[in-house]
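>>> Predicted structure and sequence below. I'll ask about it afterward.
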Amino acid sequence: MTDLSLASDALLAERSADGDTVAFGILVRRHGPYLRAFATRLVGSNVDADDAVQDALIVAWDQLDGLADPSKVRSWLTSIVSRKAIDRVRARKPSSELDEARLELAERGPEHRAIASSQLDALSSVLAAMPESQRQCWILKEVGGYSYEEIAERLDTTVAQVRGRLARARATVMTEMEVWR
């Protein structure tokens, strides 16, 4: 038996599409931490991020045979996680930004604070304080690398609104992160 942990993403995706659960498990272990971090930045909650990633992996397993380019499995998984995370945010009961920030801080344990750099903590605080629509646009663009059109489609809004939200989010990040320059 060959060591699949050294296999390319494309090979693992192809084998997973054929029903190889071991290959899919390796893909999940390889990309899971990134997907979880991406989802956490979108939803601002570890619990919702875990749920979004889990939902996305279920969808991915069911739809792997439709993946056009197996070498791009990571971006494909990120796209699914993005949709699931946004669904979670939309399903939330409306709450104040302060409640969201408190929830995020409560979920962070001492290990996370010890491991995370001060700069990432500061950025997280800036993002948590942003209006949700601005935060979503910023993360999809700056972390996910999505185009304005893709963001507008995912958030069910217009490209002009995405540009405006993103401009305000970028201005906020630049102002608040000035001390780190």
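Looks like it arrived, so ask away.

>>> contacting residues for Val81?
35, 38-39, 52-53, 56 (C-beta atoms under 8 Å, 6 or more residues apart in numbering). All C-beta spots, glycine's among them, are computed from the backbone N, C-alpha and C.

>>> Closest one of those to Val89?
Ala52 (9.0 Å; C-beta to C-beta).

>>> what residues are up against that closest one?
Neighbour list for Ala52: 39, 42-43, 81, 84-85, 87-88 [criterion: C-beta under 8 Å, 6+ apart].

>>> now Arg168
Here Arg168 is in contact with Gln134 (criterion: C-beta under 8 Å, 6+ apart).

>>> so how far is Pro70 from Ala7?
For Ala7, the distance to Pro70 (C-beta to C-beta, to the nearest Å) stands at 11 Å.

>>> quick check, distance from the helix or strand that contains Ala56 to the centre of its chain.
Using DSSP states H and E, Ala56 falls within helix 46-63. The chain centroid and the centroid of helix 46-63 are separated by 11 Å under C-alpha atoms, centre = their mean, to the nearest Å.

>>> pLDDT score for Ala122?
pLDDT for Ala122: 72.

>>> Run a quick neighbour tally on it.
Neighbour count of Ala122, defined by other C-beta atoms under 10 Å: 14.

>>> and Val22, how many neighbours?
12.

>>> I figured it hits Asp3, correct?
No: taking contacts as C-beta atoms under 8 Å, Val22 lies outside contact range of Asp3: 10.9 Å.

>>> buried subset of the contacts of Ala52?
39, 42-43, 81, 84-85, 88 (16 or more other C-beta atoms under 10 Å).

>>> List the contacts of the strand or helix carrying Glu153.
Using DSSP H and E, Glu153 falls within helix 148-155. Applying C-beta under 8 Å, 6+ apart, the contact partners of helix 148-155 are 82-83, 86, 133, 136-137, 140-141, 146, 158-159, 161-163, 166.

>>> quick one: low-confidence ranges for the protein?
Residues of the chain meeting the criterion pLDDT under 70: 1-2, 92-121, 179-181.

>>> give me that answer again for 90
For the chain, applying pLDDT under 90 flags the ranges 1-7, 9, 20, 37-49, 65-72, 74-75, 78-79, 81-157, 166, 169-181.

>>> Show me which helix runs longest in it.
With DSSP state H setting the assignment, residue counts place helix 21-43 as the longest helix in the chain.

>>> can you list contacts of that one?
Contact with helix 21-43 is made by 4-5, 7, 9, 11-13, 15-16, 46, 48-50, 52-53, 56-57, 61, 64, 73-74, 77-78, 81-82, 84-86, 88-89, 124, 127, 135-136, 139-140, 143-144, as judged by C-beta under 8 Å, 6+ apart.

>>> 7 Å - rerun?
Outside helix 21-43, the residues that touch it by C-beta atoms under 7 Å, 6 or more residues apart in numbering are 4-5, 9, 12-13, 15-16, 46, 49-50, 52-53, 57, 61, 73-74, 77-78, 81-82, 85-86, 88-89, 127, 136, 139, 143-144.
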